[in-house]
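Sharing a model that was predicted from the sequence below.
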Amino acid sequence: MTPDQAFQMADAKLHGLEAPPDHEEARYWLRIGITGALSGDRLRWALTQLGTLYAKPTASQSEYEVARSVWELAAAQKDPVALCFLARLDADLPSTQPNKEIALKFLEQAKATGGCGGTEQTIEPLSR
């Protein structure tokens, strides 16, 4: 199976394109795609998506830690969405100690690499 085929399967499972969403199977297909891709836009996308599967609203602290690790890999590849997710974790996630200085750093990096929705509005209060 090619990475593109694995990512298509992951996308279908993430968004319930063919059946109800199945996040466990999406994780599987994302890992398969990641191992085949290992660079570029596809890798950044897959890592960011994999992180979102761990950071679901009902996630435990350990799942958020896994999400952070995966997003850090994507952020190292300059993925603006992963940088924004990391900023959100550091700014106001209730289960962790807020670190607005690190959150601001992530948002500024995200802005420099294309940003994500609401980057400007989020940077302004953090920079006070």
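Structure received.

residues making contact with the helix or strand encompassing residue 45?
Secondary-structure assignment from DSSP states H and E places residue 45 in helix 40-54. For helix 40-54, the external contacting residues (C-beta atoms under 8 Å, 6 or more residues apart in numbering) are 3-4, 7, 10, 14, 23, 26-27, 30-31, 33-34, 37, 63-64, 66-68, 70-71, 73-74, 77-79, 81-82, 85. Where you see a C-beta, it was placed from the backbone N, CA and C, and this is true even at glycine.

for this protein, which spans come out with low pLDDT?
Within the chain, the ranges that satisfy pLDDT under 70 run 92-98, 119-122, 124-128.

Just want the most central residue of it.
A centroid search over the chain (C-alpha atoms, centre = their mean) returns residue 48, at 3.0 Å, as the residue closest to the centre.

how far away is that one from residue 19?
Distance of residue 48 to residue 19, given as C-beta to C-beta, to the nearest Å: 23 Å.

swap in residue 40?
Applying C-beta to C-beta, the value for residue 40 to residue 19 is 29 Å.

got the residue ranges for the helices in the chain?
Ranges of helices in the chain, per DSSP state H, are 3-15, 23-37, 40-54, 61-76, 80-92, 100-112, 119-126.

ok, so what distance separates residue 27 from residue 112?
30 Å.

Looking only at neighbour counts, state which of those two leads.
Set side by side, residue 27 and residue 112 show more neighbours around residue 27, with 17 against 11, by other C-beta atoms under 10 Å.
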